[in-house]
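Output the structure for:
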Amino acid sequence: MILYVNLNMDQISEGYVILITGLLIVFSALVTLSLVFKYGMPLMLYLYKIITRRKDKKIADIAMEVDEDFTGEVTAVIAAAIHMYLNEQHDKENPILTIKQAKKSYSPWSSKIYGTHHRL
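Residues are numbered from 1 along each chain as shown. The predicted structure follows:
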């Protein structure tokens, strides 16, 4: 009986080791990811700006180009075409399911009797 208790205690302590190891792995991965997103991403963006040597554009600096041929009628036709396309994608199917039972043929490979008896 004492041997059983010691064996049981070893299994419990082994379980705690696995639990603590798993928690350390998960939380260290979370801390690493948060540090990468907090400090690594701005650093990579800064390096990208240096490598490409682009000047940052602000929204106010971007000139708006107006297309005179793009009128309200064109917008309405495009919206109607998109609406018709999205509504035609869904097929109306019969909601009643019919399940037929498949007949299983006998196979000696799945029979357990051949694995339990030893033939000589």
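
give me the low-pLDDT residue ranges for the chain?
Per-residue confidence for the chain (pLDDT under 70) gives these ranges: 1-11, 54-56, 89-92, 106-120.

tell me the helices in it, going along the chain?
2-35, 41-52, 72-88, 113-116 (DSSP state H).

May I see those organised as a markdown table, with mean neighbour count and distance to Lys58 added?
(Each C-beta comes from the backbone N, C-alpha and C, glycine too.) A markdown table is the format used below for the helices of the chain (neighbours: other C-beta atoms under 10 Å; distance: least, C-beta to C-beta, whole Å):
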| stretch | mean neighbour count | distance to Lys58 |
| --- | --- | --- |
| helix 2-35 | 10 | 30 |
| helix 41-52 | 10 | 15 |
| helix 72-88 | 9 | 28 |
| helix 113-116 | 8 | 76 |
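
Kindly present those as TSV, with separate columns for distance to Lys103.
What follows is these, written out as TSV (distance: least, C-beta to C-beta, whole Å):
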stretch	distance to Lys103
helix 2-35	47
helix 41-52	60
helix 72-88	40
helix 113-116	21
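
show me the contacts for Arg29.
Actually, residue 29 is Ala rather than Arg. Ala29 makes no contacts at all, as judged by C-beta atoms under 8 Å, 6 or more residues apart in numbering.

Would you check how far apart it and Ile20 are?
From Ala29 across to Ile20, the span is 15 Å (C-beta to C-beta, to the nearest Å).

now Tyr85
Taking C-beta to C-beta, one finds Tyr85 at 55 Å from Ile20.

Distance of Asp69 relative to Ile82?
When Asp69 is compared with Ile82 (using C-beta to C-beta), they lie 19 Å apart.

Next: Lys58.
From Lys58 to Ile82 the distance is 32 Å (C-beta to C-beta).

just Leu47 next, same as before
According to C-beta to C-beta, Leu47 and Ile82 sit 40 Å apart.
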